[in-house]
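the following block contains a protein sequence and its predicted model.
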Amino acid sequence: DAKTTQPNSMESNEEEPVHLPCNHSTISGTDYIHWYRQLPSQGPEYVIHGLTSNVNNRMASLAIAEDRKSSTLILHRATLRDAAVYYCILSPYNTDKLIFGTGTRLQVFP
Amino acid sequence: GAVVSQHPSRVICKSGTSVKIECRSLDFQATTMFWYRQFPKQSLMLMATSNEGSKATYEQGVEKDKFLINHASLTLSTLTVTSAHPEDSSFYICSASRAIGADTQYFGPGTRLTVL
């Protein structure tokens, strides 16, 4: 399974944008980039995913580097409810398996 | 949105007993369900992949005789922890996907198992 590297933790102030980086230098051409987040004592929640092009949805934006070796999850205006562990996961197109790494713990301060 | 439930949310049992955890997809049919385990301050570890009507596929290092998985219908999968011991105490989480290669997995809220 292709590996991702994320910072252990990041901090943000409320209502500021947050850029969560993810490196995946061994990504293959068929790997999708998924982002999930996990709030304390809850199951993970889908955030966004993409293959090559940048993606936007109501929760966040995903910016994918041209060589696909890195990506950035963008939360446009952080709220206290966005405090969670964010996981960047690579998953081939023909499988449902998600192998979670250590993720980035995001703290949001009022 | 798609909702996945788990029951029970918390369970405490004595060492040596077996515990069954249910995972249900409430408003969709789940082709595939997954079971994860998460120890405190650690990431999720995939235990097994479960397809309706067939045997589960276990990840390397996960004992299939200890963690029995039954995927009886397209909306229900169960995980039974047999002869539980204190080291099996963990947060067990299931997820479900609508189809193979689906874009999204929907996760349950988790079950906190404590073995005394």
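Okay, I see it.

and the residue of chain A closest to chain B?
Chain B sits closest to A:Gly43 of chain A, with a gap of 3.4 Å, by Cβ to the nearest Cβ. Placement of C-beta: from N, CA and C, glycine included.

so who does that residue touch?
Counting by Cβ atoms under 8 Å, 6 or more residues apart in numbering or on different chains, A:Gly43 touches B:4, B:6, B:93-95, B:107-110.

make JSON lines out of the residues you listed and add secondary structure, pLDDT and distance to B:Lys20.
Conversion of these to JSON lines gives the following (DSSP: H, G, I helix; E, B strand; the rest coil; pLDDT from 0 to 100; distance: Cβ to Cβ, whole Å):
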{"residue": "B:Val4", "secondary structure": "strand", "pLDDT": "96", "distance to B:Lys20": "17"}
{"residue": "B:Gln6", "secondary structure": "strand", "pLDDT": "98", "distance to B:Lys20": "11"}
{"residue": "B:Ile93", "secondary structure": "strand", "pLDDT": "98", "distance to B:Lys20": "16"}
{"residue": "B:Cys94", "secondary structure": "strand", "pLDDT": "97", "distance to B:Lys20": "13"}
{"residue": "B:Ser95", "secondary structure": "strand", "pLDDT": "96", "distance to B:Lys20": "18"}
{"residue": "B:Phe107", "secondary structure": "strand", "pLDDT": "96", "distance to B:Lys20": "19"}
{"residue": "B:Gly108", "secondary structure": "coil", "pLDDT": "97", "distance to B:Lys20": "14"}
{"residue": "B:Pro109", "secondary structure": "coil", "pLDDT": "97", "distance to B:Lys20": "17"}
{"residue": "B:Gly110", "secondary structure": "coil", "pLDDT": "97", "distance to B:Lys20": "15"}
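
would you turn these into JSON lines with neighbour count?
Formatted as JSON lines, these follow (neighbours: other Cβ atoms under 10 Å in any protein chain shown):
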{"residue": "B:Val4", "neighbour count": "24"}
{"residue": "B:Gln6", "neighbour count": "19"}
{"residue": "B:Ile93", "neighbour count": "26"}
{"residue": "B:Cys94", "neighbour count": "31"}
{"residue": "B:Ser95", "neighbour count": "27"}
{"residue": "B:Phe107", "neighbour count": "24"}
{"residue": "B:Gly108", "neighbour count": "28"}
{"residue": "B:Pro109", "neighbour count": "15"}
{"residue": "B:Gly110", "neighbour count": "23"}
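
circling back to that earlier point, which residue is the nearest non-sequential neighbour of the residue of chain A closest to chain B?
Excluding the flanking residues, the one nearest A:Gly43 by Cβ to Cβ, 6 or more residues apart in numbering or on different chains is B:Phe107, at 3.4 Å.
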